[in-house]
Structures are given as C-alpha cells and as structure tokens.
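K.L.:
below are the sequence and a predicted model for it; my questions follow.
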Amino acid sequence: MVGRSSGGQGRLIVVSNRVALPDQTATGGLASAMRAALQERGGLWFGWSGKVARQTGGEVHRIKDGIVEYATIDLSRADHDDFYNGFANRTLWPLLHYRPDLVDYDRKHLAGYLRVNNLFAEELMSLIGPHDLVWINDFHLIPLAAMLRERGIRNRIGFFLHTPLPAAGLLIALPRHRELLETLASYDLVGLHTPRDRRALEEYFLHEVGATMRRDGRLQTPGGRMFRAEVFPIGIDTREVADSASHANEHEEIHQLRHSLEGRALIIGVDRLDYSKGLPERFQAYARLLERSPQLHRKVSFLQIAPPSRGGVPEYRQIRRDLERSAGHINGMYAAPDWVPIRYVNNSFAHDLLSGYYRTARVGLVTPLRDGMNLVAKEYVASQDPNDPGVLVLSRFAGAAQELGNDALLVNPADTEEVAEALGIALTMPLPERRARWRRMMDVLEKQDVTAWRNAFLQRLAQ
Ligand SMILES: O=P(O)(O)OC[C@H]1O[C@H](O[C@H]2O[C@H](CO)[C@@H](O)[C@H](O)[C@H]2O)[C@H](O)[C@@H](O)[C@@H]1O
Ligand SMILES: O=c1ccn([C@@H]2O[C@H](COP(=O)(O)OP(=O)(O)O)[C@@H](O)[C@H]2O)c(=O)[nH]1
C-alpha cells in the first residue's frame with residue numbers, strides 16, 4: 001500500500017487537482033508552490049494525472065522521485081468535461097474571480113464535480129495512514145474532506161484556497177452554494193491568501209450558515225463542526241529564484257533576447273491565458289502609453305508570455321482570439337520595419353529561463369483583474385539585479401499587492417490611463433528609488449517565502 005505511515009510521525013499527503021510530475025514544467029502557481037514545498041519536506045502528492053482516458057480512476061499511477069512520491073489518476077472524458085472544464089472552471093472559477101456574468105448553471109457539471117470528488121475520496125482513503133497530515137488544495141476539491149470523513153477518516157485535514165474568495169453577497173450566486181460551501185467545516189484548518197478573503201469566509205459562515213465565532217477563534221456550525229480560517233499568503237522559493245536569475249547569462253536564450261532588444265527597455269508580462277489576468281486591458285494600456293509618449297516609440301518593447309490554459313472552456317478560446325486580434329492591431333498601428341512593439345508568445349517556459357527573462361526586463365507588468373496571489377509578481381522582484389533592479393507595476397486586485405504594497409506601483413488594471421501612466425513612471429524611475437523599492441519588497445519575499453508559508457500552514461494544522 002502506497003503512503004501508509006509506519007506509525008509515530010506520519011507523512012504529508014498533498015492533494016490537488018493539478019500535479020506537476022517530475023519531468024513537467026509547473027505552469028500555474030499552485031503546482032509551482034507545491035513542488036517546492038514537497039521537495040523540501042517529502043511526502044505524497046495525489047491528484048489528476050493530467051490525462052483523459054477511457055475511464056476515471058482504474059489504475060493509480062505511481063512514481064517515486066527522491067523523497068517525493070506521486071500517485072495520480074486519469075479522468076474519463078465525461079468527468080474531465082463535467083468536473084474540470086465544467087463546474088471547476090466554468091462555475092467556481094468565474095464566481096471566485098468576481099465574474100457572476102460568466103457562471104454556468106448546468107447541474108450535470110455539478111453532478112460531475114461531486115462524482116470526481118467522491119472518486120478522489122475513494123482512492124485516497126487507502127493511501128492515508130493514521131498519523132498522516134492531509135493537505136487538500138483549491139476549489140476543485142472543496143467537498144473532499146467531508147467525503148473522507150464520511151468514510152471514517154479522522155486525520156487532521158487542511159484546505160488551502162488559492163483563489164480569491166468574494167463576499168457572501170456574491171457567493172450566494174453559486175448554485176446550491178450552502179450545500180457545497182458548508183462542507184468547508186469538515187476541515188480542521190482553512191487557509192486563505194489575504195485578510196479580505198478570510199473576512200469573506202467568516203461573513204458567509206456567520207450570515208448564511210448561521211455559524212457562531214467561538215472565543216478561541218474557531219467557527220462553529222449549527223451542526224457542531226468546528227474549524228479555523230486563517231491567512232497564509234503563499235510565497236516563492238525566493239533564494240532559488242534569485243540564484244537562478246543571477247546565472248541567467250548561462251542560457252543562450254537570454255543572450256538572444258538581450259541581443260534582440262538592441263538597447264530598448266523591456267516590459268514583461270507572464271500569465272496563463274486567462275480572462276482573470278486582465279490581458280486585453282493590459283494591451284490597451286500599453287497602446288495608450290505609445291499613443292501618449294511618441295518619444296518611447298522604438299525605445300521600448302513589451303514581451304507578453306501567455307501559455308494557453310483550459311482550452312476546453314469556450315471563454316478561454318475566446319480570450320485567445322481577442323488577444324491575437326488586439327496584438328495584431330497594436331503592432332499594425334505602431335510597428336516600424338525594425339521594431340515590433342508587442343512580442344506576444346503563446347509558449348510556456350521553464351523557471352530558470354523565466355527568471356532570466358524577468359531580470360532582463362526594466363518593468364514587470366502584472367495586472368490581473370482579480371488574482372488569489374500571483375506568484376509571477378514575486379518571481380519578477382526576486383529575479384532582479386540588486387544593483388540595477390526593475391520596477392513592478394502591480395494590480396491592486398492581486399493578493400500580492402497586500403504584501404508588496406506601495407513599493408510596487410499599484411494600479412487599477414481596468415483603468416488603462418492609470419496603467420499607462422504607471423508604465424511611464426516605471427520606465428523613467430531613477431536608480432536610487434528603484435533600489436530602495438526593490439530592497440523593501442525583497443525583504444518581504446525573503447521573510448515570507450514558500451518554506452515559511454508551508455511551515456506556518458502545517459504547524460497550525462498539526463496543533
Ligand atoms: O491547473 P490549471 O487549471 O492549469 O490552472 C493553474 C492554477 O491556476 C490557479 O492558481 C492559483 O494559485 C496560485 C498559487 O497560490 C496563486 O498565486 C494564483 O493567484 C491562483 O490563480 C488555480 O487556483 C490552481 O488550482 C491551478 O492549478
Ligand atoms: O511559461 C510559464 C508561465 C508561467 N509559469 C509559472 O506559473 C506560475 C504562475 O503562477 P501565478 O500564481 O502567477 O498564477 P496562476 O497561473 O497560478 O493563476 C508561476 O510560478 C510561473 O513562473 C511557468 O513556469 N512557465
């Protein structure tokens with residue numbers, strides 16, 4: 001049996017829909033962070049294999065890589081459509097990102113979501129030893145602890161929500177919201193990125209579920225379940241990112257990028273191609289910068305890396321078409337025979353290359369409309385050359401803005417005029433100011449790195 005602890009100190013079992021297997025690029029913040037956490041402490045990572053097969057479950061694929069063990073299962077086409085493309089990415093994701101207009105109400109998708117969570121519970125049960133700590137991640141798996149409890153699992157189980165959590169007034173737009181969200185009480189600890197997210201959870205439980213707040217800070221439901229909701233802002237492996245960026249010169253690709261710039265200042269954006277990332281608005285803001293600053297023509301270049309994401313969901317295919325049109329339009333308007341204003345790239349890159357790209361850029365442009373945390377903002381800062389750091393332009397609606405605050409240039413991503421203005425300021429910021437801002441942000445990132453995040457969550461869970 002995989003993962004049974006031999007007694008005494010149990011091991012860490014991480015569960016998430018997305019698993020980054022040893023040979024894969026971890027595109028997406030959850031997979032990046034979990035990989036870093038497991039590589040430090042070891043344990044078992046259970047989740048979806050990333051493959052669509054004839055049936056869900058069946059064989060559990062097992063791989064061992066050093067101290068990390070992977071156990072993954074396939075999803076059938078129907079389950080993948082209803083659970084991942086359906087309820088997770090067309091119902092929960094838009095609602096959690098403040099887009100009720102995009103929420104899909106198909107009950108077939110909800111049934112698929114519950115079916116796959118049941119299946120995860122069934123497979124996972126036999127992997128959990130008596131002393132193991134179980135850490136379930138994200139909105140794909142909200143009811144999983146309740147389903148494990150129904151099967152007699154008494155271990156301590158934690159949940160971390162990697163997305164924002166909107167206020168109760170919006171959460172009630174979720175189909176059968178109470179049935180689903182109340183299952184969060186089956187966890188011992190629920191972690192969120194920001195105080196705003198925690199307040200939203202408390203408000204929902206107090207006003208919609210009829211829970212009470214106990215003096216020890218735990219929420220108690222009318223049924224008697226008690227759990228704790230706390231803030232743990234996720235970090236990156238700051239030292240590793242900084243170290244990798246300082247070796248950027250070793251990569252031919254970094255030389256090629258630098259050479260191609262011919263002395264122009266680089267603005268960089270790196271995002272999954274997701275409507276929550278504010279990419280059309282970002283392109284418009286850059287166009288506005290070019291419109292109002294003719295002196296920047298041929299002096300600046302904007303590289304947007306945007307690996308396609310969730311292509312089975314119509315809204316994601318639409319945003320891809322919109323961006324192709326927008327990039328083409330802006331380039332058509334401003335390009336010269338020897339200058340392309342936007343370099344729009346639909347590939348994904350490994351972390352060591354990304355850190356070199358970040359270091360090359362004078363400005364990191366991170367403008368999601370809503371984002372749980374946004375690790376790219378942190379990676380951009382950690383990758384900078386301390387002697388000549390770049391400037392981060394950051395959406396005030398990313399969780400990262402809570403920690404990096406005014407040392408980034410905070411903007412409203414929907415206000416293209418404000419973003420264009422911030423870009424102008426960033427491109428001309430004097431070196432002493434760039435250094436001072438960077439140092440303060442780096443202090444935060446060094447203190448609150450992924451290890452501190454993981455330790456804080458697990459220590460609290462184990463208490
Ligand atoms: O697994 P995918 O459907 O390909 O999507 C990738 C991940 O996107 C989301 O990431 C979130 O987690 C990050 C780390 O906490 C956070 O910085 C970011 O703001 C979030 O968007 C999603 O929540 C994950 O489940 C996905 O794996
Ligand atoms: O080509 C790419 C694009 C992104 N990422 C990584 O994907 C993660 C994105 O996380 P973030 O929290 O910014 O957003 P998410 O995609 O999880 O919503 C970061 O660690 C990026 O370095 C990557 O490895 N290669």
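P.N.:
Thanks, I have it. Ligands and ions are numbered 1, 2, ... in the order given.

K.L.:
quick one, strands of the stretch 151-300 of the chain?
P.N.:
157-160, 189-192, 212-213, 219-220, 226-231, 265-270, 300-305 (DSSP state E, counting those that start in this stretch).

K.L.:
for the stretch 351-463 of the chain, same thing?
P.N.:
Under DSSP E, counting those that start in this stretch, the stretch 351-463 of the chain gives strands at 363-366, 391-395, 409-411.

K.L.:
so which of the strands of the stretch 151-300 of the chain is nearest Ala26?
P.N.:
If you check each of these against Ala26 by CB to CB, strand 265-270 wins as the nearest, at 13.2 Å. The way it works is simple: take the backbone N, C-alpha and C, and place the C-beta from them, glycine included.

K.L.:
what's the closest one packed up against?
P.N.:
Helices and strands touching strand 265-270, by 3 or more CB pairs under 8 Å, 6 or more residues apart in numbering; DSSP states H and E, are helix 279-292, strand 300-305, helix 351-360, strand 363-366, helix 375-382, helix 416-428.

K.L.:
on that earlier part again, dump the strands of the stretch 151-300 of the chain to TSV, plus distance to ligand 1, mean pLDDT and mean neighbour count.
P.N.:
Below are the strands of the stretch 151-300 of the chain laid out as TSV (distance: least, CB to the nearest ligand atom, whole Å; pLDDT from 0 to 100; neighbours: other CB atoms under 10 Å):
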stretch	distance to ligand 1	mean pLDDT	mean neighbour count
strand 157-160	8	98	25
strand 189-192	10	98	24
strand 212-213	26	98	12
strand 219-220	23	98	19
strand 226-231	13	98	18
strand 265-270	12	98	24
strand 300-305	15	98	22
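
K.L.:
as CSV, these with distance to Asp74 would be great.
P.N.:
Output for these, formatted as CSV (distance: least, CB to CB, whole Å):
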stretch, distance to Asp74
strand 157-160, 24
strand 189-192, 29
strand 212-213, 42
strand 219-220, 36
strand 226-231, 32
strand 265-270, 30
strand 300-305, 29
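
K.L.:
which element is Gln39 on?
P.N.:
Following DSSP states H and E, one finds Gln39 within helix 29-41.

K.L.:
for the strands of the stretch 351-463 of the chain, could you give me TSV that also reports mean neighbour count, mean pLDDT and distance to Lys378?
P.N.:
Converted to TSV, the strands of the stretch 351-463 of the chain look like this (neighbours: other CB atoms under 10 Å; pLDDT from 0 to 100; distance: least, CB to CB, whole Å):
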stretch	mean neighbour count	mean pLDDT	distance to Lys378
strand 363-366	28	99	9
strand 391-395	28	99	9
strand 409-411	21	98	15
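
K.L.:
could I get these as a markdown table with distance to Leu133?
P.N.:
Listed next are the strands of the stretch 351-463 of the chain as a markdown table, based on distance: least, CB to CB, whole Å:
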| stretch | distance to Leu133 |
| --- | --- |
| strand 363-366 | 33 |
| strand 391-395 | 33 |
| strand 409-411 | 36 |
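
K.L.:
ok, and does the helix or strand following the helix holding Gln39 reach over to ligand 1?
P.N.:
Scanning forward in sequence from helix 29-41 by DSSP H and E, the next helix or strand is strand 43-53. No - on the criterion CB under 6 Å from any ligand atom, strand 43-53 is out of touch with ligand 1, staying 8.9 Å away.

K.L.:
any idea which helix or strand comes after strand 43-53?
P.N.:
strand 57-65.

K.L.:
what pairs with the helix or strand following that next one, parallel or antiparallel?
P.N.:
Later in the chain than strand 57-65, the nearest helix or strand by DSSP H and E is strand 68-76. Strand 68-76 pairs in its sheet with strand 43-53 (parallel), strand 57-65 (antiparallel), by DSSP bridges.

K.L.:
just name the most buried of those strands.
P.N.:
strand 43-53 (a mean of 20; mean count of other CB atoms under 10 Å).

K.L.:
now do that strand against helix 29-41, angle only.
P.N.:
140 degrees (axes from the mean of the first three to the mean of the last three CA atoms, to 10 degrees).

K.L.:
so which residues on this protein come close to ligand 1?
P.N.:
Checking the chain against ligand 1 by CB under 6 Å from any ligand atom, the hits are 18, 28-31, 33, 138, 162-163, 234, 309-310, 371-375.

K.L.:
out of the residues you listed, who's near ligand 2?
P.N.:
Gly28, Gly29, Leu30, Met373, Asn374, Leu375.

K.L.:
distance to Asp443 added to these, as TSV?
P.N.:
As requested, these are exported to TSV (distance: CB to CB, whole Å):
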residue	distance to Asp443
Gly28	27
Gly29	21
Leu30	25
Met373	18
Asn374	19
Leu375	18
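
K.L.:
out of the residues you listed, which are buried?
P.N.:
Gly28, Gly29, Leu30, Met373, Asn374, Leu375 (16 or more other CB atoms under 10 Å).

K.L.:
next, the fourth one: phi, psi?
P.N.:
Going back to what we said before, that points to Met373. phi -120, psi -70 (degrees, to the nearest 10).

K.L.:
any idea how far it is from Ile425?
P.N.:
Distance of Met373 to Ile425, computed by CB to CB, to the nearest Å: 24 Å.

K.L.:
same question for Arg214.
P.N.:
Taken as CB to CB, the span from Arg214 to Ile425 is 47 Å.

K.L.:
distance from the chain centre to stretch 335-343, please.
P.N.:
Centroid separation between stretch 335-343 and its chain, computed with CA atoms, centre = their mean, to the nearest Å, is 31 Å.

K.L.:
wait, does that stretch contact ligand 2?
P.N.:
No - using CB under 6 Å from any ligand atom, stretch 335-343 stays clear of ligand 2, with a minimum separation of 13.9 Å.

K.L.:
ok, residues contacting that stretch?
P.N.:
The contact list for stretch 335-343, computed with CB atoms under 8 Å, 6 or more residues apart in numbering, reads 264, 283, 286, 290, 297-298, 300-304, 327, 330-331, 334.

K.L.:
kindly recompute the last result at 7 Å.
P.N.:
Phe283, Tyr286, Leu290, Arg298, Ser301, Phe302, Leu303, Gln304, Ala327, Ile330, Asn331, Tyr334 (CB atoms under 7 Å, 6 or more residues apart in numbering).

K.L.:
pull the CA atoms of that stretch into PDB?
P.N.:
Only the C-alpha atoms of stretch 335-343 are listed here, as PDB (Å, rounded to 0.1, in the frame of the first residue of the first chain):
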ATOM      1  CA  ALA A 335       5.400  48.900 -35.700                       C
ATOM      2  CA  ALA A 336       8.300  50.000 -37.900                       C
ATOM      3  CA  PRO A 337      10.300  47.800 -40.200                       C
ATOM      4  CA  ASP A 338      12.900  47.400 -37.400                       C
ATOM      5  CA  TRP A 339      10.600  47.500 -34.400                       C
ATOM      6  CA  VAL A 340       7.700  45.300 -33.100                       C
ATOM      7  CA  PRO A 341       6.000  47.000 -30.100                       C
ATOM      8  CA  ILE A 342       4.400  43.700 -28.700                       C
ATOM      9  CA  ARG A 343       6.100  40.300 -28.700                       C
END
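
K.L.:
pLDDT of that stretch, averaged?
P.N.:
Stretch 335-343 shows a mean pLDDT of 97.

K.L.:
how close does the closest residue to Pro143 other than its chain neighbours sit to Tyr113?
P.N.:
Excluding the flanking residues, the one nearest Pro143 by CB to CB, 6 or more residues apart in numbering is Thr183, at 4.3 Å. Distance of Thr183 to Tyr113, given as CB to CB: 12 Å.
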